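Asker: Here is a sequence with its predicted model. Questions after.
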Amino acid sequence: MSAQVLPQRAKIVIIGGGVGGASVAYHLAQLGERDVLLLDRSDLTSGSTFHSAGLVGQLRADPTLTKMNMHSVDLYRKLEMTETPASWRECGSIKIASTVERMEEIRRQIGWSKTFGLDLSEIGVKEIAELFPLINTEGIIGGCYMATDGQVDPSQLTHALASGARRGGVKIFTNTRVLQISAKNNQINSILTDKGEIECEIVVNCGGMFAAEIGRMLGVRIPIIPMSHQYLITENFLPDNSPMLPSLRDPDNLIYFRQEVKGLLMGGYERNSKAWQTSHDSFDAIPADFNAKLLNPDWDRFEDIAINAANRVPIMGEIGVKNFINGPEGFTPDNEFCLGETSVGGFYVAAGFCAHGIAGAGGIGKVVAEWIVAGEPTMDLWHMDIKRFASAYESPKFTLERVTENYEAYYDIHYPGEERESARGENTSPIYNWHKANHAVFGEKAAWERVNYYHDQAASNLDESNRPNGWVGKNWHPAVALEHFAARNTAGLFDESSFAKIEVSGLISAQFLNSICANNVVRGIGRTIYTQALNSRGGIESDYTVTQVADDKFFIVTGTAFLNHDMGWLEKMCRQLGYNEIKIRDLSKDLACFGIWGPNARKILSKLT
């Protein structure tokens with residue numbers, strides 16, 4: 001449709017014609033939105049989609065993501081049977097364990113799967129060999145099998161979704177490059193392309209690995225780094241009449257397999273990962289002509305993956321390689337999607353799919369389309385909401401450090417209380433040095449260093465016989481019990497300086513806050529109320545304490561990770577409800593915050609106040 005004249009106005013403009021953009025367009029059409037344009041700077045799938053591996057697994061640690069992936073499978077079946085075929089193959093999947101810890105994780109996942117009605121079953125070594133006859137079972141303890149997982153051709157899937165979007169009234173323009181995005185009063189109002197300007201109300205950034213570049217047009221930081229992800233495709237060797245193999249994941253060896261025609265596709269997540277660093281200033285700037293292209297093969301970096309693959313599937317060491325793919329794939333700092341409305345009203349993002357975007361694409365399109373139409377999420381999408389990222393991620397270098405660590409930990413077992421080691425020390429309490437001098441062991445949340453416990457002499461002498469067995473005991477420390485009993489029996493002083501602190505001021509600030517909060521915030525100067533901010537459905541959007549500090553000024557304290565979300569919600573409500581004279585300020589780094597709890601808390605404070 002790129003030969004047609006570009007409209008001068010549209011309600012919604014989607015930037016990016018990969019699987020994410022096509023899915024958002026498809027689902028908007030399903031919801032009755034007809035005034036929608038989808039633009040791509042080159043051809044559909046020409047970013048990362050065309051070189052995706054195409055694996056579709058459903059079960060995830062996050063319940064919302066699992067439901068999204070299940071929607072994807074339902075949609076791909078529907079496309080295959082009643083609309084435009086997407087080459088969906090419901091071949092099943094196997095995950096194997098080579099360690100006791102991995103087998104424990106698999107058994108936990110089997111129990112978790114029942115929550116969603118998924119039939120994930122434990123299988124032994126014999127069953128693994130029957131399902132995947134090419135495998136070398138040495139060192140395998142067991143595994144699990146999901147019959148309803150599968151694989152799909154990413155390009156065919158994208159075109160199938162685009163066809164459905166067109167039937168619903170969406171107009172698609174390829175070879176149309178967006179040059180500028182404009183906003184007025186912090187609300188989207190137009191975009192400029194190389195074929196003309198388009199007035200619009202909503203822009204959806206589905207740019208994939210280009211998403212950060214698109215965000216910069218509005219001064220919005222999208223924390224996505226293109227990482228080099230490699231896999232190979234073997235020559236055909238399977239008999240013509242052989243049944244299709246299930247996909248196979250061997251996370252202890254960092255590798256995955258699936259059948260590709262009559263050969264195998266094999267890839268993995270190496271410990272020596274590499275970002276596609278095209279610019280030392282941003283780490284995510286991509287050449288203007290990089291469309292439908294791949295990176296140069298890096299066999300040296302792939303060597304360990306190839307050795308592991310040949311050990312697990314010995315025929316990999318005997319057959320030829322038909323294609324070696326090294327493609328940039330957009331990754332986020334926590335390996336979760338980047339979805340939702342940004343700090344600019346009407347500017348949405350659906351990107352950062354972290355190599356599992358094909359599995360999630362159907363669900364991504366559904367939740368983002370619903371978000372746009374409803375004006376707020378229809379599911380709990382906090383773990384994927386772009387506002388979960390702290391301001392520290394505005395630094396490309398900070399983002400790169402965390403993306404690199406999490407990419408290399410992609411197949412690791414993630415235990416409760418796990419802490420990341422990269423990108424640390426960004427924000428600290430005013431008494432950080434005191435904590436450190438007193439043997440504090442720090443954790444990190446939203447780029448703030450926070451004390452987990454104190455490993456002092458008393459804690460060192462504690463008996464570890466009470467350490468919980470297995471999963472929950474991995475990152476446990478007896479000092480926590482010591483501190484718990486102290487707070488329960490006397491009192492404990494907690495440094496909560498990392499908490500987000502927001503000032504809301506203006507002559508009608510009380511009226512504004514009462515219009516969005518469940519409780520009356522006017523309690524008298526110096527009084528505090530714990531309350532919730534409600535969305536249009538009466539659901540809880542935020543919860544925080546509100547202190548009235550003057551007739552026209554209020555002080556909000558909310559969770560460490562919720563600054564961007566809660567500031568964004570307050571600003572959005574100001575725009576929507578017409579409270580344009582209200583001022584909202586972030587005071588998080590200006591003020592310390594301490595809390596004292598325990599039966600003696602009032603007694604201690606009575607001597608100070």
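Answerer: Yep, that arrived.
Asker: Show residues contacting whichever strand or helix holds Ile502.
Answerer: For Ile502, the enclosing helix or strand under DSSP states H and E is strand 500-505. Residues from elsewhere that reach strand 500-505, judged by C-beta atoms under 8 Å, 6 or more residues apart in numbering: 512-513, 550, 552-560, 562-563, 566-567, 570, 582-588, 590-591, 593. Any C-beta I mention is one placed from the backbone N, CA and C, and that applies to glycine too.
Asker: what element comes up after that strand heading to the C-terminus?
Answerer: Past strand 500-505, the next helix or strand by DSSP H and E is helix 509-516.
Asker: the domain parsing of this structure - what is it?
Answerer: Annotated domains of the chain cover 12-85+151-224+276-285+325-387, 500-592 [automatic domain parsing].
Asker: and of the ones you listed, who's closest to Val100?
Answerer: When those are compared by C-beta to C-beta, domain 12-85+151-224+276-285+325-387 sits nearest Val100, at 20.0 Å.
Asker: How far does the closest one stretch from one end to the other?
Answerer: Terminal residues of domain 12-85+151-224+276-285+325-387 are spaced 21 Å apart (C-alpha to C-alpha, to the nearest Å).
Asker: what about it, average pLDDT?
Answerer: Across domain 12-85+151-224+276-285+325-387, the average pLDDT comes to 96.
Asker: Skip ahead from the longest helix anywhere in the chain and say which helix or strand is next.
Answerer: When the chain is parsed with DSSP state H, its longest helix is helix 63-82. Heading C-terminal from helix 63-82, the first helix or strand you meet, by DSSP H and E, is strand 93-97.
Asker: Which neighbouring elements make contact with whichever helix or strand comes after that next one?
Answerer: Of the helices and strands lying after strand 93-97 in sequence (DSSP H and E), the nearest is helix 100-113. The elements that helix 100-113 packs onto, with contact taken as 3 or more C-beta pairs under 8 Å, 6 or more residues apart in numbering; DSSP states H and E, are strand 93-97, strand 120-123, strand 142-146.
Asker: what comes up buried for helix 100-113?
Answerer: Residues Arg102, Met103, Glu105, Ile106, Gln109, Ile110, Trp112, Ser113 are the ones in helix 100-113 that count as buried (16 or more other C-beta atoms under 10 Å).
Asker: Give me the neighbour count for the nearest residue to Leu134 once chain neighbours are set aside.
Answerer: Closest residue to Leu134 apart from its sequence neighbours, by C-beta to C-beta, 6 or more residues apart in numbering: Val313 at 5.0 Å. Around Val313 sit 20 other residues, with neighbours defined as other C-beta atoms under 10 Å.
Asker: contacting residues around Val313?
Answerer: Leu134, Ile135, Asn136, Leu248, Phe257, Leu264, Met266.
Asker: Okay, strands next: where are they in the stretch 151-300 of the chain?
Answerer: All strands of the stretch 151-300 of the chain, identified by DSSP state E, counting those that start in this stretch, fall at 171-173, 178-184, 187-193, 196-199, 202-205, 225-234, 247-250, 255-260, 263-268.
Asker: what separates stretch 567-586 from the chain centre, distance-wise?
Answerer: 26 Å (C-alpha atoms, centre = their mean, to the nearest Å).
Asker: Now do that stretch: everything it contacts.
Answerer: 185-187, 341, 343, 345, 387, 500-509, 511-512, 515-516, 533, 541-542, 563.
Asker: middle-most residue in the chain, spatially?
Answerer: Residue closest to the mean C-alpha point of the chain, counted by C-alpha atoms, centre = their mean, is Glu336 at 2.0 Å.
Asker: so that one touches Ala355, yeah?
Answerer: No - if you go by C-beta atoms under 8 Å, Glu336 and Ala355 don't touch, sitting 12.0 Å apart.
Asker: follow-up on the earlier one: phi first, then psi, for the residue nearest to Leu134.
Answerer: As for Val313, its main-chain torsions (degrees, to the nearest 10) stand at phi -130, psi 90.
Asker: deepest of the domains of the chain, which one?
Answerer: The highest mean neighbour count among these, using mean count of other C-beta atoms under 10 Å, belongs to domain 12-85+151-224+276-285+325-387: a mean of 22.
Asker: Distance from the chain centre to that one, please.
Answerer: For domain 12-85+151-224+276-285+325-387, the distance to the chain centre is 13 Å (C-alpha atoms, centre = their mean).
Asker: and if you look at stretch 544-558?
Answerer: 32 Å.
Asker: now the end-to-end length of that stretch.
Answerer: By C-alpha to C-alpha, the extent of stretch 544-558 from end to end equals 5 Å.
Asker: What are the contacting residues of that stretch?
Answerer: For stretch 544-558, the surrounding residues in contact (C-beta under 8 Å, 6+ apart) are 499-507, 509-510, 513, 517, 521-531, 533, 542-543, 559, 562, 566, 587, 593.
Asker: about what we covered before: distance of the residue nearest to the centre of the chain from Lys553?
Answerer: In this view, Glu336 and Lys553 are 36 Å apart by C-beta to C-beta, to the nearest Å.
Asker: Next: Glu449.
Answerer: 30 Å.
Asker: can you check Val220 too?
Answerer: Separation of Val220 from Lys553 (C-beta to C-beta): 29 Å.
Asker: And Asn272, by the same measure?
Answerer: When distance is defined by C-beta to C-beta, Asn272 is 53 Å away from Lys553.
Asker: How about Gly327?
Answerer: Applying C-beta to C-beta to Gly327 and Lys553 gives a distance of 52 Å.
Asker: what is the orientation angle of the longest helix of the chain with helix 100-113?
Answerer: Angle of helix 63-82 versus helix 100-113, following axes from the mean of the first three to the mean of the last three C-alpha atoms, to 10 degrees, is 70 degrees.
Asker: ok, residues contacting helix 63-82?
Answerer: Applying C-beta under 8 Å, 6+ apart, the contact partners of helix 63-82 are 56-60, 85-88, 90, 115-116, 118, 148-150, 152, 157, 160-161, 164, 336-337, 359-364, 366-367, 379-381, 383-384.
Asker: What about these, which are in strands?
Answerer: Val56, Gly150 (DSSP state E).
Asker: quick one: which of the contacts of helix 63-82 sit in helices?
Answerer: Leu157, Ala160, Leu161, Gly164, Ala359, Gly360, Ala361, Gly362, Gly363, Ile364, Lys366, Val367.
Asker: would you list those residues in JSON lines and tack on distance to Gly20?
Answerer: Below are the ones in helices among the contacts of helix 63-82 laid out as JSON lines (distance: C-beta to C-beta, whole Å):
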{"residue": "Leu157", "distance to Gly20": "11"}
{"residue": "Ala160", "distance to Gly20": "14"}
{"residue": "Leu161", "distance to Gly20": "10"}
{"residue": "Gly164", "distance to Gly20": "15"}
{"residue": "Ala359", "distance to Gly20": "12"}
{"residue": "Gly360", "distance to Gly20": "9"}
{"residue": "Ala361", "distance to Gly20": "6"}
{"residue": "Gly362", "distance to Gly20": "10"}
{"residue": "Gly363", "distance to Gly20": "11"}
{"residue": "Ile364", "distance to Gly20": "6"}
{"residue": "Lys366", "distance to Gly20": "12"}
{"residue": "Val367", "distance to Gly20": "12"}
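Asker: any idea which of the residues you listed is closest to Lys607?
Answerer: Nearest to Lys607 among those: Val367, at 52.5 Å, using C-beta to C-beta.
Asker: wait, the closest one sits on Leu339?
Answerer: Yes - assessed by C-beta under 8 Å, Val367 is found in contact with Leu339 at 6.9 Å.
Asker: Next, show the common contact partners of the two.
Answerer: Leu381.
Asker: Give the buried residues for stretch 395-406.
Answerer: By neighbour count with 16+ other C-beta under 10 Å, stretch 395-406 contains the buried residues Ser395, Pro396, Phe398, Thr399, Leu400, Glu401, Arg402, Val403, Thr404, Asn406.
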